[in-house]
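Undergrad: I need the structure of the sequence given here:
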Amino acid sequence: LDTLFSANGGVAKQEFLQLWGQTLDQSEVLRPVTIAPFREDQELFQKLHKARVFFTAKRGGQGGALFIAYFAVRVEGVRTQFLIELTVNSRTAAKCAVRPAGSCPQALVASMALTLEKILADLG
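TA: Numbers count the residues shown, from 1 in each chain. As a prediction, the model looks like this:
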């Protein structure tokens, strides 16, 4: 992943919100994911950071979710940034929503969602 994801893929909260709002809902890919077990939220965020998936913000969960966290990742080569909403339902299960920040083929968004699913399952 060091060659796939950029070391400078993070965005500030306000920029994230602006980009998320500009992205069409139709471009979003939503997947249920299994997360490698973690004890504390920060542990999960630090492990994702090592994979170059950068934490932006967190808010309390609703409807049974523990919390909702937001991340950004930039793919080298295609220079596409992806915005991620991770709704954590338990210490091992979540829903992952991925949106491109800008124009991007839907197949690339789906590939990013699958890649994130693998990263989340293999954190350790």
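
Undergrad: Now do the contacts for D122.
TA: The contact partners of D122, taken as CB atoms under 8 Å, 6 or more residues apart in numbering, are A36. Backbone N, C-alpha and C define where each C-beta goes, glycine included.

Undergrad: Now name the helix or strand holding L17.
TA: Element membership of L17 [criterion: DSSP states H and E] is helix 13-22.

Undergrad: Can you list the buried residues in that helix?
TA: 16, 19-20 (16 or more other CB atoms under 10 Å).

Undergrad: Format those as TSV; extra columns: pLDDT.
TA: Below are the buried residues of helix 13-22 laid out as TSV (pLDDT from 0 to 100):
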residue	pLDDT
F16	88
L19	89
W20	88
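
Undergrad: Just name the closest of those to V53, please.
TA: Of all those, the one with the least separation from V53 (CB to CB) is F16, at 13.2 Å.

Undergrad: How about the closest one: what's its closest non-neighbour residue?
TA: T56 (4.6 Å; CB to CB, 6 or more residues apart in numbering).

Undergrad: Could I get the pLDDT score of the one you found?
TA: Turning to T56, the model gives it a pLDDT of 95.

Undergrad: The closest residue to N89 other than its chain neighbours: what secondary structure?
TA: Nearest in space to N89, with sequence neighbours left out and distances taken as CB to CB, 6+ apart, is A65 at 5.3 Å. Under the three-state scheme (DSSP: H, G, I helix; E, B strand; the rest coil), the conformation of A65 reads as coil.

Undergrad: For A65, give its distance to F82.
TA: In this structure, A65 and F82 are 21 Å apart, going by CB to CB, to the nearest Å.

Undergrad: Need the residue closest to the centroid of the chain.
TA: In the chain, the C-alpha nearest the mean C-alpha coordinate belongs to I84, at 3.1 Å (CA atoms, centre = their mean).
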